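Trainee: Below are the sequence and a predicted model for it; my questions follow.
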Amino acid sequence: MKRLAPIYQVSVGDLLRAAGHLEESSETILSDEQEVEMAFKYVMNDPRYQSGTRMAGELTTEVKRFIVEMYEKATGKKLLPGRSA
């Protein structure tokens with residue numbers, strides 16, 4: 001994980017959380033927008049997934065959530081809490 005985190009440009013903790021291997025502690029409760037942003041960065045940095053990664057301009061949180069949900073369905077990975085892949 002320590003080697004993968006820099007590739008995806010996220011912290012090791014963020015990578016572990018996105019992969020579901022680390023539970024949210026009460027100290028680090030993320031807002032819905034922050035969770036979507038973290039998951040979106042993970043998707044954008046996955047070299048095996050290119051659908052929706054060539055968007056130009058600023059994207060809304062709703063568009064980012066949609067891209068993350070499509071990634072979850074395509075890969076079977078769960079990135080956003082409270083949703084099944």
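Mentor: Structure received.
Trainee: can you map out the helices along this structure?
Mentor: In the chain, helices defined by DSSP state H lie at 4-8, 12-18, 32-44, 61-75, listed in chain order.
Trainee: Now do the longest one and helix 32-44, the angle between them.
Mentor: Going back to what we said before, that points to helix 61-75. 50 degrees (axes from the mean of the first three to the mean of the last three Cα atoms, to 10 degrees).
Trainee: between the helices of the chain, which one is nearest to Gly82?
Mentor: Of all these, it is helix 32-44 that lies closest to Gly82, at 9.4 Å by Cβ to Cβ. Any C-beta I mention is one placed from the backbone N, CA and C, and that applies to glycine too.
Trainee: Which positions within the closest one qualify as buried?
Mentor: Using 16 or more other Cβ atoms under 10 Å as the test for burial, helix 32-44 gives 35-44.
Trainee: any chance of those residues in JSON lines, with pLDDT and distance to Glu62 too?
Mentor: Formatted as JSON lines, those follow (pLDDT from 0 to 100; distance: Cβ to Cβ, whole Å):
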{"residue": "Glu35", "pLDDT": "90", "distance to Glu62": "13"}
{"residue": "Val36", "pLDDT": "93", "distance to Glu62": "9"}
{"residue": "Glu37", "pLDDT": "93", "distance to Glu62": "12"}
{"residue": "Met38", "pLDDT": "91", "distance to Glu62": "16"}
{"residue": "Ala39", "pLDDT": "92", "distance to Glu62": "13"}
{"residue": "Phe40", "pLDDT": "92", "distance to Glu62": "11"}
{"residue": "Lys41", "pLDDT": "90", "distance to Glu62": "16"}
{"residue": "Tyr42", "pLDDT": "91", "distance to Glu62": "18"}
{"residue": "Val43", "pLDDT": "90", "distance to Glu62": "15"}
{"residue": "Met44", "pLDDT": "87", "distance to Glu62": "16"}
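Trainee: which among those residues gets closest to Leu15?
Mentor: Tyr42 (7.6 Å).
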